[in-house]
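Enquirer: Any chance you could fold what I've pasted below:
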Amino acid sequence: MSSPHSKSAAVAAALTALDEGRTPERPVFREAVRTLLATLAERAPGRSVEVRVPPYGAVQCVAGPRHTRGTPPNVVEMDPATWLELATGRLGWSQAVTEGRVRVSGVRADLSAHLPL
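Expert: Numbering: from 1, shown residues only. Okay, here's the model as predicted:
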């Protein structure tokens with residue numbers, strides 16, 4: 001969590017709520033997810049992979065062939081709590097995929113080289 005984005009109040013508040021077994025308030029959860037997605041897009045610029053964290057956000061990232069229409073061939077999707085854990089290093093990529101907490105499709109959909117942020 002070295003980025004200024006990662007240290008935002010929303011990320012800290014969301015992680016605290018999750019640590020206490022609570023669901024973060026919706027606006028806090030949304031801001032935390034979007035902040036960390038923006039950080040990923042900054043650190044792994046490109047448009048070959050779409051990372052989706054419904055219902056709060058999605059970004060295209062990772063260098064490679066650009067996708068322009070329809071469903072992207074390389075998609076990563078997960079719930080907001082899983083995204084916060086992955087982005088902050090509380091959960092490893094392999095573990096999340098093995099446990100089915102992250103759904104991936106496409107040959108470029110491995111984000112392990114870009115996480116944690």
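Enquirer: going forward, measure contacts between C-alpha atoms and count neighbours the same way
Expert: Will do.
Enquirer: what about the residue nearest in space to the middle of the chain, which helix or strand?
Expert: Centroid check for the chain by C-alpha atoms, centre = their mean gives residue 83 as the closest residue, at 4.3 Å. Taking DSSP states H and E as the criterion, residue 83 maps to helix 80-87.
Enquirer: Enumerate every residue touching residue 18.
Expert: 24, 81 (C-alpha atoms under 8 Å, 6 or more residues apart in numbering).
Enquirer: Is it in a helix, a strand, or coil?
Expert: Following DSSP: H, G, I helix; E, B strand; the rest coil, we place residue 18 in the helix state.
Enquirer: Show the contacting residues for the residue lying closest to residue 109 once chain neighbours are set aside.
Expert: Nearest residue to residue 109 in three dimensions, chain neighbours excluded: residue 74, at 5.2 Å (C-alpha to C-alpha, 6 or more residues apart in numbering). By C-alpha under 8 Å, 6+ apart, the contact set of residue 74 is 48-50, 104-109.
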